[in-house]
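J.: Fold the following for me, if possible:
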Amino acid sequence: MRLCCWRRALLAAGVAVVLGLPRGAQATAVTVQALDPAGRPLAGAVVAIEVGGAARVAAPGTHFEISQRQRSFEPGLLVVQTGTSVDFPNRDTVRHHVYSFSPAKTFELKLYNGRPSAPVVFDQAGVVVLGCNIHDQMIGTVVVVDTPLFGRTDAAGRIVLDVPAGEHRLRVWHARMREGTDLLAQALKVGATGAVAVTVPLPVAAVP
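T.: Just a heads-up that it's a prediction; the model follows:
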């Protein structure tokens, strides 16, 4: 299985992707628990840990797809490492006009059918909101992170990442946070022995 397909399968299952760690690093299990303001678990939160010495940019050829089907983006949320290229194939019978005005990546794919001639390279970390200039209900998100250690929380609001000892930076984001909010960051210290557990309350909007 090609690397891009392997990573896509892991992300779809909510499993952490751990690639490009410093050679010879001893890993410690770090559990991150995402909670809403009422203390309830938040499924689907994006969690990334920036580790010194780990590759900030994705391996050459790392590639994903966000298709348009039934006038929606599939997947509606994609998490990628900086430098990843993403194709936007249109699998509908109508044309789409995909764009983003987000500071982390501004681009425009004007009215088209089929597959654009070139993918979009997400070369800066941050939250990129996608839209369609023809169908206002179409909203998608690409979260770009400067680390190979990332994933999404499970139904219990948890994710476990294997992290080398040291002082790192933890970044967390959820789709219910206020529009325009970047990944929240905090320091993370990991020892050489013993598991680490971190609870992160997120300022998300209540479910209607």
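J.: all helices for the chain, in order.
T.: Under the criterion DSSP state H, helices of the chain are mapped to 3-12.
J.: Low-confidence bits of it, can you list those?
T.: The model of the chain has pLDDT under 70 over residues 1-25.
J.: residue nearest the centroid of the protein?
T.: residue 79 (2.0 Å; Cα atoms, centre = their mean).
J.: Which residues are in contact with the closest residue to that one other than its chain neighbours?
T.: Spatially, and ignoring its direct neighbours in sequence, residue 79 is nearest to residue 143 (4.7 Å; Cβ to Cβ, 6 or more residues apart in numbering). For the C-beta atoms, the positions are set from N, CA and C on the backbone; glycine is no exception. Counting by Cβ atoms under 8 Å, 6 or more residues apart in numbering, residue 143 touches 46, 77, 78, 79, 80, 126, 127, 128, 173, 183.
J.: before we move on, what about residue 161?
T.: Per Cβ under 8 Å, 6+ apart, neighbours of residue 161: 16, 18, 29, 30, 32, 47, 49, 149, 150, 151.
J.: so what's it bridging to?
T.: On the basis of DSSP bridges, residue 161 is bridged to residue 30.
J.: Look up how far residue 190 lies from it.
T.: Going from residue 161 to residue 190 by Cβ to Cβ, to the nearest Å gives 10 Å.
J.: got it, and residue 129?
T.: Counting by Cβ to Cβ, the separation of residue 129 from residue 190 is 32 Å.
J.: The two - which one has more neighbours?
T.: Comparing residue 129 with residue 190 by other Cβ atoms under 10 Å, the one with more neighbours is residue 190, at 22 against 16.
J.: List the buried residues for stretch 75-95?
T.: 75, 77-86, 88, 90 (16 or more other Cβ atoms under 10 Å).
J.: can I get these in TSV with distance to residue 108?
T.: Converted to TSV, the buried residues of stretch 75-95 look like this (distance: Cβ to Cβ, whole Å):
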residue	distance to residue 108
75	21
77	21
78	18
79	22
80	19
81	23
82	21
83	21
84	19
85	16
86	14
88	11
90	14
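J.: Fine by me, thanks again.
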